[in-house]
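Trainee: just to be clear, the model below is a prediction. Sequence and coordinates:
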Amino acid sequence: SSCPALPDGFDFTDPDVYQERVPLPEFALLRETAPVWWNRQPRGVAGFDDEGYWVVTRHADVKEVSTRPELFSSNLNTAVIRFAGHMSRDQIDVQKLIMLNMDPPEHTRVRQIVQRGFTPRAIRALENALRERAERIVREATDRGSGDFVTDIAVELPLQAIAELIGVPQQDRTRIFDWSNKMVAYDDPEYAITEEIGTQSAAELVSYAMTMAEARKECPARYAGDIVSRLVAAEGEGNLNPDEFGFFVILLAVAGNETTRNAISHGMHAFLTHPDQWELFRAARPDTAAEEIVRWATPVVSFQRTATQDTELAGQKISAGERVGLFYSSANNDPEVFEDPHLFDIARDPNPHLGFGGGGPHFCLGKSLAVLEINLIFNAMADLAPGISLAGPGPRRLRSAWLNGIKELRVDYG
Ligand code: HEM
């Protein structure tokens, strides 16, 4: 247009754009002037014919797209922007097997099955084991006096929670954790994880999970009642075949791991830089805190959809086949919905943030598990390390355009 909202060439796909500056001031400008904005990707995107995508910045529009899967498909493109830029055709085909990239009715079938593992009852059943785990993790860290909160604490519980959920035996956990960590191939060169290592780790995790599934099919009586059995060996009510289960475990390892880790790290950093909120948390333990931590952190910056037909969003024409990026980190700071969105306020209520997605069929399956983990960690911190303080220069951020991540946060445990 004659009055561009952002400098020519500004690219939300560029990880450098996010360093030190989340939430981006550019989002505020777009919400005001061009809420559905065309982001050119001049280099093109491997596996796709298009040269850019629509950046959706307002809370209401992110919800609208999320809840209309027939118009905005998840097939292929829900894969984060970064993945889409790096994937070969073969990898894109594999991605189709993951429910995050499915549309109804395939998605509905898989979701109905895996939901059995995430009922309130199933999550409550994990609570005592995870509480003990959280307390042990925090105690071991605080005994050392000082350290890196991310590797000492934030990394540990999400991995243990997934292992606990699907019943991975203790002796296999180190291997599972190693594959999981390597699969989230970073844009961050510091981790030196190549695509090859990522793909290899994913393959090993799939084959481990398939073995778990096959064991249940062969000897259902031996594993009766465990969660994997309920997903793969259930009679009558539908079940996953072993490779579907394998890909589900991959999704859990990606979706449940770094997201929760970064929510916990950002939450700790927010408390450290808002001592009044830490004091409030320690005194009152409000159950609104976890949701505000997720709004504040917004670990997933964005996911994508593809328009299935010509349509319009907030007055902007969108053509069939064009990609649409849902910017949760913008929606979560939309002043139309949040009073003083720039304030970290653990008593915020209501808090209709979109950190777990904009509603609709793909809404985060692990939300109650994530909220439980966040509560357990900060309760343990409040009990065992109430005097925690920042040590060193503050957080070192992950270099990534789709994860709002912290890779190091030096602290004195007090
Ligand atoms: C989907 C965020 C924790 C499992 C999603 C989506 C988001 C999200 C944004 C996509 C929603 C959409 O497209 O509408 C988060 C955040 C977490 C978190 C911020 C932590 C604070 C977890 C955990 C698990 C999990 C702990 C499981 C162990 C999943 C799965 C999906 C999903 C399986 C795909 C659901 C589907 O396609 O139907 N999550 N998540 N997430 N999440 Fe989470």
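Mentor: Nice, I can see it. Note that the coordinates shown come from a computational prediction; the quantities given were computed from them, not determined experimentally. Numbering: from 1, shown residues only.

Trainee: local confidence estimate at R82?
Mentor: For R82, the pLDDT comes out at 41.

Trainee: same check on V254?
Mentor: The score at V254 is 84. That number is its pLDDT.

Trainee: dump the residue contacts of it.
Mentor: S180, M183, V184 (C-beta atoms under 8 Å, 6 or more residues apart in numbering). For glycine as for every other residue, the C-beta is placed from the backbone atoms N, C-alpha and C.

Trainee: please see if whichever helix or strand it is part of touches the ligand.
Mentor: Counting by DSSP states H and E, the element that carries V254 is helix 242-255. Yes. Counting by C-beta under 6 Å from any ligand atom, contacts between helix 242-255 and the ligand involve L251, L252, A255.

Trainee: got a list of what the residue nearest to the first one when sequence neighbours are not counted touches?
Mentor: To tie it back to what came earlier, the one meant is L251. Distance criterion C-beta to C-beta, 6 or more residues apart in numbering; nearest residue to L251, sequence neighbours excluded, is I98 at 5.0 Å. I98 sits next to F247, F248, I250, L251 when contact means C-beta under 8 Å, 6+ apart.

Trainee: for I98, phi and psi?
Mentor: Backbone dihedrals for I98, given as degrees, to the nearest 10, come out at phi -100, psi 130.

Trainee: quick revisit: now do the helix holding V254: distance to the chain's middle.
Mentor: Its chain's average C-alpha position is 15 Å from that of helix 242-255, according to C-alpha atoms, centre = their mean, to the nearest Å.

Trainee: restricting to the contacts of V254, which residues neighbour the ligand?
Mentor: Of the contacts of V254, not one also sits near the ligand (C-beta under 6 Å from any ligand atom).

Trainee: top of those by neighbour count?
Mentor: When neighbours are counted by other C-beta atoms under 10 Å, S180 leads the contacts of V254 with 24 neighbours.

Trainee: surely it touches E258?
Mentor: No. Using C-beta atoms under 8 Å, S180 is not in contact with E258, being 9.0 Å away.

Trainee: what's the closest non-adjacent residue to whatever residue of the chain ends up closest to the ligand?
Mentor: Residue nearest to the ligand within the chain (C-beta to the nearest ligand atom): G366, separated by 2.1 Å. Residue nearest to G366 in three dimensions, not counting chain neighbours: G256, with 4.9 Å by C-beta to C-beta, 6+ apart.

Trainee: nearest residue to the middle of the chain?
Mentor: Taking C-alpha atoms, centre = their mean as the criterion, T259 is the residue nearest the geometric centre of the chain, at 3.6 Å.

Trainee: what's the closest non-adjacent residue to that one?
Mentor: P299 (4.4 Å).

Trainee: next one: the one you found from A370, what distance?
Mentor: 9 Å (C-beta to C-beta, to the nearest Å).

Trainee: which residues do these two both contact?
Mentor: T259, T260, A263.

Trainee: want to throw those into JSON lines with distance to the ligand?
Mentor: JSON lines is the format used below for these (distance: C-beta to the nearest ligand atom, whole Å):
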{"residue": "T259", "distance to the ligand": "3"}
{"residue": "T260", "distance to the ligand": "4"}
{"residue": "A263", "distance to the ligand": "4"}
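
Trainee: narrow the residues you listed to those in strands?
Mentor: Using DSSP state E, no member of those falls in strands.

Trainee: least confident of these?
Mentor: Among those, T259 has the lowest pLDDT, at 94.

Trainee: OK, contacts around that one?
Mentor: Contact analysis of T259 by C-beta under 8 Å, 6+ apart lists P158, P299, V300, A370, L403.

Trainee: out of those, which touch the ligand?
Mentor: By C-beta under 6 Å from any ligand atom, the members of the contacts of T259 lying near the ligand are P299, V300, A370.

Trainee: any idea how many residues pack against the first one?
Mentor: By the criterion of other C-beta under 10 Å, P299 has 25 neighbours.

Trainee: try G236
Mentor: Quick note: G236 (other C-beta under 10 Å) scores 5 neighbours.
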